[in-house]
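Q: starting from these lines, generate the structure:
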Amino acid sequence: MIRLRPYKHCDAKSIVSWCKDEETFMLWGGDHFGTFPISEDIMNQKYFDDNGDCTEKDNFYPVTAFDDDGIVGHFIMRYLHGDNRILRFGWVIIDDAKRGCKYGQKMLRLGLKYAFEIMRVDKVTIGVFENNNSAYQCYLSVGFHKSKDIADSFEDIQGEKWKIIELEISKEEFMS
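A: So this is what the prediction gives:
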């Protein structure tokens with residue numbers, strides 16, 4: 001059984017270790033963390049000193065998933081464009097030793113439950129790179145679907161244009 005808790009400085013050691021290669025690093029955070037490899041200090045600076053690049057002071061909520069054996073996953077939450085009825089998930093990553101075992105689904109379902117029941121949002125959105133099929137399939141399996149309100153976009157990653165598919169799920173869809 002997995003549980004969620006707020007991210008702590010010490011979590012960075014495990015999370016950065018899951019980015020074993022540049023492709024995994026780029027699929028996880030794009031170029032938001034600079035260049036590969038990422039260090040614990042860079043991750044903690046982004047989260048604690050730079051507020052996850054959020055301009056609003058109370059708009060960045062990093063979350064760590066864990067089980068009885070330790071940390072298994074991580075993601076962040078932030079309100080979208082200052083609207084406290086829409087929450088954005090991002091920077092989702094699972095321990096590479098746990099991939100394929102439904103940890104991502106379990107973690108995201110708990111995150112959605114928290115978003116809808118505790119944070120009382122109406123909708124959660126998430127973006128996924130088109131070339132990250134395993135993450136895309138995971139998001140679909142928990143109920144996300146193509147967004148009606150947010151157009152797909154592109155991000156420059158190492159001189160290439162990577163398509164970001166925008167997904168969403170409403171409270172009603174999740175609770176049904």
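
Q: use CA for all of it now, contacts and neighbours both
A: Noted.

Q: ranges for the helices of this structure?
A: Here the chain has its helices, by DSSP state H, at 12-17, 22-29, 40-44, 103-117, 133-141, 171-175.

Q: weakest of those helices by average pLDDT?
A: The minimum mean pLDDT among those belongs to helix 22-29 (a mean of 92).

Q: give me the contacts around it.
A: Helix 22-29 is contacted from outside by 19, 36-38, 91-93, 129, 132, 157, using C-alpha atoms under 8 Å, 6 or more residues apart in numbering.

Q: mind listing the strands for the protein?
A: 3-6, 61-67, 70-80, 83-94, 123-129, 145-146, 153-157, 160-170 (DSSP state E).

Q: ranking those strands by burial, who's on top?
A: strand 123-129 (a mean of 23; mean count of other C-alpha atoms under 10 Å).

Q: in terms of secondary structure, what does the lowest-mean-pLDDT helix or strand in the chain contact?
A: Least confident element among the helices and strands of the chain, by mean pLDDT, DSSP states H and E: strand 153-157 (a mean of 85). Strand 153-157 is packed against strand 160-170, with contacts defined by 3 or more C-alpha pairs under 8 Å, 6 or more residues apart in numbering; DSSP states H and E.

Q: and the angle for the strand it packs on with strand 153-157?
A: For strand 160-170 against strand 153-157, the angle by axes from the mean of the first three to the mean of the last three C-alpha atoms, to 10 degrees is 140 degrees.

Q: for strand 160-170, packing partners?
A: If you count contacts as 3+ C-alpha pairs under 8 Å, 6+ apart, strand 160-170 packs onto strand 123-129, strand 145-146, strand 153-157.

Q: that one pairs with which strands, parallel or anti?
A: According to DSSP bridges, strand 160-170 forms sheet pairs with strand 123-129 (antiparallel), strand 145-146 (antiparallel), strand 153-157 (antiparallel).

Q: alright, that wraps it up for me.
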